[in-house]
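K.L.:
Kindly generate the corresponding structure for this input.
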Amino acid sequence: METFNQAVATTKRACILSRWHRGTVSCLLIAASCMPVRAVDPNPSGELPVEVIVEKMQAANLLRAEALLGYSGRRVYKVDYRGFPSGRHAEMIVEAVYTFPAQKDFRIVSESGSKLLLQHVLYRLLDSEKEALQNANRKQTAMSMENYDFKFLETEQGAEGKFYVLQVEPKIKNKFLYRGTIWVDAEDFAVARIEGKPAKNPSWWISSTEIHHRYGKVDSFWLPVHNESVTHVRVGGQAVLTIEYTDYKIKTATAAASIR
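P.N.:
Just a heads-up that it's a prediction; the model follows:
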């Protein structure tokens, strides 16, 4: 049985991890679904200029956002902490329902593991995702020209298709923004992958955080399929949060046109 001091220390770490994970996940979910973006740097490679890539991404995202009137799906949340005073694990299965334009409802199917991690990380992730749909928060966390600069890096061709790889740099140090790299599908002009770090650490206790997010095409829409955040704590220890998204059902939608 943990002592009172250990419980307090663990609660502080859980709260710190919660603040970053909530901001990160909310920010990236918004970025994937409805990014109002324009770019600023030329593309020297002979491919499409970066401003054209991002303008097409903006137009395609708006079309998809307007066409997607609702969906449902299942998520598996897992968080593992390894460090002082001891390791912790928690997981939760959630059914999620999105209704256009800005409503999300969650039903917790099952939960297990550390009550501290459940209450201070996973529960708060659900609450913050609802808050992120508010207009003010969407504007603040959007991958827009107001918040970011964009730079073309390369074109990547693989088994999954062709992607434009862009560097994104936040214009202000905000813990809800990030710096890193995005992969834009060259056919649908949708974000398929994000790798990055927060623009600003939410606490002195956190030394660094890496975020890894992937999106997949469901019917005509690009939705999250796997999210992972790895947080390193200064006093020792590491926390890994993962979210797996499955069983998507597009409930009410019209066909979204891709912009070539």
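
K.L.:
For the helix or strand His232 falls within, name the packing helices and strands.
P.N.:
Taking DSSP states H and E as the criterion, His232 maps to strand 221-233. Helices and strands touching strand 221-233, by 3 or more Cβ pairs under 8 Å, 6 or more residues apart in numbering; DSSP states H and E, are helix 4-33, helix 50-67, strand 68-83, strand 206-218, strand 237-253. In this view, the C-beta of every residue, glycine as well, is placed from N, C-alpha and C.

K.L.:
try 6 Å
P.N.:
helix 4-33, strand 206-218, strand 237-253 (3 or more Cβ pairs under 6 Å, 6 or more residues apart in numbering; DSSP states H and E).

K.L.:
Which pLDDT value goes with Arg124?
P.N.:
Here, the pLDDT recorded for Arg124 equals 88.

K.L.:
same question, Ile243
P.N.:
If you check Ile243, the pLDDT there is 97.

K.L.:
Report the separation between it and Gly158.
P.N.:
With distances taken as Cβ to Cβ, to the nearest Å, Ile243 is found 24 Å from Gly158.

K.L.:
repeat for Lys104
P.N.:
Following Cβ to Cβ, the distance that separates Lys104 from Gly158 is 32 Å.

K.L.:
These two: who's more crowded?
P.N.:
Neighbours were counted for Lys104 and for Gly158 using other Cβ atoms under 10 Å; Lys104 has more, 14 against 8.

K.L.:
helices or strands next to the strand or helix carrying that one in the packing?
P.N.:
Using DSSP H and E, Lys104 maps to strand 103-113. Counting contacts by 3+ Cβ pairs under 6 Å, 6+ apart, strand 103-113 packs against strand 88-99.

K.L.:
can you count the residues close to Lys56?
P.N.:
Using other Cβ under 10 Å, Lys56 is surrounded by 20 other residues.

K.L.:
ignore the last one, Gly113
P.N.:
The number of residues packed around Gly113, counting by other Cβ under 10 Å, is 16.

K.L.:
Could you list the low-pLDDT ranges of the stretch 1-150 of the chain?
P.N.:
Along the stretch 1-150 of the chain, segments meeting pLDDT under 70 span 1-46, 136-137.

K.L.:
one more time with 80, if that's ok
P.N.:
In the predicted model of the stretch 1-150 of the chain, residues 1-47, 84-85, 132, 134-146 satisfy pLDDT under 80.

K.L.:
in the sheet, who's paired with Lys162?
P.N.:
Bridge pairing for Lys162 (DSSP bridges) gives the partners Gln157.

K.L.:
actually Gly180, sorry about that
P.N.:
Beta-bridge partners for Gly180, by DSSP bridges, are Val168, Gly196.

K.L.:
What are the phi and psi values at Glu131?
P.N.:
phi -60, psi -30 (degrees, to the nearest 10).

K.L.:
Restricting to C-alpha, output stretch 231-245 in CSV.
P.N.:
The C-alpha trace of stretch 231-245 is given here as CSV (Å, rounded to 0.1, in the frame of the first residue of the first chain):
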residue,chain,number,x,y,z
THR,A,231,6.9,12.1,-21.7
HIS,A,232,10.3,12.2,-19.8
VAL,A,233,10.2,13.5,-16.3
ARG,A,234,13.2,15.5,-14.9
VAL,A,235,13.4,13.6,-11.6
GLY,A,236,13.5,10.3,-13.5
GLY,A,237,10.8,8.3,-15.1
GLN,A,238,8.9,8.1,-18.3
ALA,A,239,5.2,8.1,-19.2
VAL,A,240,3.8,6.6,-22.4
LEU,A,241,0.2,7.4,-23.5
THR,A,242,-1.3,5.5,-26.5
ILE,A,243,-4.7,5.7,-28.1
GLU,A,244,-5.9,3.1,-30.6
TYR,A,245,-9.0,4.1,-32.8
